[in-house]
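Asker: Next come a sequence and a model predicted from it.
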Amino acid sequence: EYLRYGQGAWLQRHTDEHHVELKRPNGSKLPKKPNASRRSVTWMVYLNDDWDGMADGGHLRVHERAEPSVSYVGARGRDLQVGWLKANSKYGEQPVFLDPLRPGPENENCVLYTVDANGIPRDLSRKPFANIALYLGGGDGMARKLMVDNPQDAERLHLIDAPKSLVSTMMAPPSNPAGEDGGERIRDIVPKAGTLVMFDSVSLPHEVLVTNRERFGVQGWFHEKLYT
C-alpha cells in the first residue's frame, strides 16, 4: 500500500500482527475462512530523495531486544509469540509463545511457554488460565501474577505488545529507551529514498516519530497461512 505522512503526523508504538487471543477472547476456537492468513514479515520502501533526518524527522523507530534470542521468534507452528523472558546472567533471551488450546475448563485453555536454545519447549503456566485474562491484563505486572508460576520466570517476563483494552489504553507507554522491562534498545531509521526495511510482524514493536514535512513510501506484508 502507498504511505503518506503529512506534516506533524506520527504513529504510536505497535506491532503489525497479534495472536488472535489478543484480538478477541476465544478467537482461536472460531472457524477460519478458507485460506485465512496472517501478517508474517513487514516490508517498506521509502521514496523521499532529499530527506534530511535531522531537520525532517519522521524516523521509523524500532524497539529491538538488547540481547539476541536463543531460539526462533515470531511463531512456533500455530502458536504466535506474545512475549520474552529477559536475558540475565544465567539465561539468554527466550521467546514466549501462547498455546490457546490446552485441555482445561471451558474458556480456560491458555498456557504460556518458552523454548530454549535446543528448541525444547517448557511451560511457564502450571495450568491453563482464562482466555479473557490476556485481553484484559493490560501489561507485564498483571501477566506475571496471573500467567506465570515460577517467580524467577515471572521476573523476566515481558509482553511484546499488551492488548489494546481499556486498562492498557489508560496506562502511559514507557519513556525509557530500554522499555518497560529494561531489555530493549531503540534503532532509528531515516526514511530516505531507496531504503528497504523488513522485520518480523509479530515480534518487533515499532513507531513513526513526528514528521516535519510530507513523507512518502510503500509498504506491504508477506503472509502465511493460519493453522486450524
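Answerer: Received it, and whenever you're ready, just let me know what you need. Numbers count the residues shown, from 1 in each chain.
Asker: ok, residues contacting stretch 87-94?
Answerer: The contact list for stretch 87-94, computed with C-beta atoms under 8 Å, 6 or more residues apart in numbering, reads 65-71, 84-86, 114-117, 156, 183. C-betas here are computed from N, CA, C, even on glycine.
Asker: and if we set it to 10 Å?
Answerer: 65-71, 73, 83-86, 114-117, 122, 124, 152-153, 155-156, 183 (C-beta atoms under 10 Å, 6 or more residues apart in numbering).
Asker: So which of the residues you listed are in helices?
Answerer: Among the contacts of stretch 87-94, the ones falling in helices (DSSP state H) are 152-153, 155-156.
Asker: And those residues, which of them are buried?
Answerer: 153, 156 (16 or more other C-beta atoms under 10 Å).
Asker: and which of the ones in helices among the contacts of stretch 87-94 is nearest W51?
Answerer: Among the ones in helices among the contacts of stretch 87-94, R156 lies closest to W51 (C-beta to C-beta), at 39.0 Å.
Asker: pLDDT score assigned to the closest one?
Answerer: Model confidence at R156, expressed as pLDDT, equals 96.
Asker: Pull the contacting residues for it.
Answerer: So R156 contacts 83-88, 91, 93-94, 96, 114, 124, 144, 148, 150, 181, 183 (C-beta under 10 Å, 6+ apart).
Asker: cool, R185 as well?
Answerer: Neighbouring residues of R185 by C-beta under 10 Å, 6+ apart: 62-67, 177-179.
Asker: what do you get if the cut-off is 6 Å, keeping everything else the same?
Answerer: Neighbour list for R185: 64, 66 [criterion: C-beta atoms under 6 Å, 6 or more residues apart in numbering].
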